[in-house]
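Q: A structural model of the following input is requested.
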Amino acid sequence: LAAAGTEALLDTMFAQLVPVMESAFVGQLSTSKVGNSLLDEVDAKYPGGRDAFGKRFGEIISTGMRAKYPDIIEATAQKYVEQLAPADLRAARAFYESESGARLLAAQPKLQAQLQQVGQQIGSQVGADSADILLDETEKYLGEIE
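A: Got it, this is the predicted structure:
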């Protein structure tokens, strides 16, 4: 896992997830009367308002997750050992330590970011299409929805 650059991969993955978690945290608060009241106070008194409040949540969760990397890596290593033979693990390590493996590891963060964008674009389209289908189905019960 060290040869595969697992910590760097986790860093990239969490860097992409944290903005989503920040938004979800603030968004979840806004779904209740108590949460909205808190957000109103945050906007009035917390330096930078709800945006800074959400960012601070992201900083705290990032620090917490980074502290858990050893646990994540240990659990991952255990799963690899359960699924792969020692010879397979040695071959994977040899690949990651090779020139080709080093190029793959260097390209991974950029590829992951690009693939996330592709996933978001496709997910947005599937979400919009799904909403259209559901609204069309709902019109059977409610009448035309404008």
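
Q: rest of the way, CA atoms for contacts and neighbours
A: OK.

Q: Could you pull up the residues touching residue 29?
A: With contacts defined as CA atoms under 8 Å, 6 or more residues apart in numbering, residue 29 is in contact with 35-36, 38-39.

Q: Looking at the residues you listed, spot the one nearest residue 84.
A: Lowest distance from residue 84 to those (CA to CA) belongs to residue 35, with 47.2 Å.

Q: re earlier: so among the contacts of residue 29, which ones count as buried?
A: Among the contacts of residue 29, those classed as buried by 16 or more other CA atoms under 10 Å are 36, 39.

Q: Now the two most distant members of the contacts of residue 29.
A: 35 and 39 (6.2 Å).

Q: In terms of secondary structure, what does the helix or strand encompassing residue 121 contact?
A: Per DSSP states H and E, residue 121 falls inside helix 99-142. Applying 3 or more CA pairs under 8 Å, 6 or more residues apart in numbering; DSSP states H and E, we find helix 99-142 packed against helix 6-29, helix 86-97.

Q: what pLDDT does the residue nearest in space to the middle of the chain get?
A: Central residue of the chain (CA atoms, centre = their mean): residue 17, 2.7 Å from the mean position. Listed pLDDT for residue 17 reads 87.

Q: Quickly note the distance from it to residue 117.
A: To residue 117, residue 17 is 12 Å away according to CA to CA, to the nearest Å.

Q: cool, and residue 12?
A: The gap separating residue 12 from residue 117 is 14 Å, by CA to CA.

Q: higher neighbour count, these two?
A: Counted by other CA atoms under 10 Å, residue 12 and residue 117 do not tie: residue 12 has more neighbours, with 16 against 12.

Q: For that one, give me its contacts.
A: Contact analysis of residue 12 by CA under 8 Å, 6+ apart lists 109, 112.

Q: Using the three-state scheme, assign residue 31.
A: Following DSSP: H, G, I helix; E, B strand; the rest coil, residue 31 is assigned to coil.

Q: Around it, how many other residues sit close by?
A: Neighbour count for residue 31, taken as other CA under 10 Å: 10.

Q: Could you check the pLDDT of residue 86?
A: 94.

Q: What is the burial count for it?
A: If you count neighbours by other CA under 10 Å, residue 86 ends up with 12.

Q: now swap in residue 73 and tell me
A: Residue 73: 16 neighbours (other CA under 10 Å).
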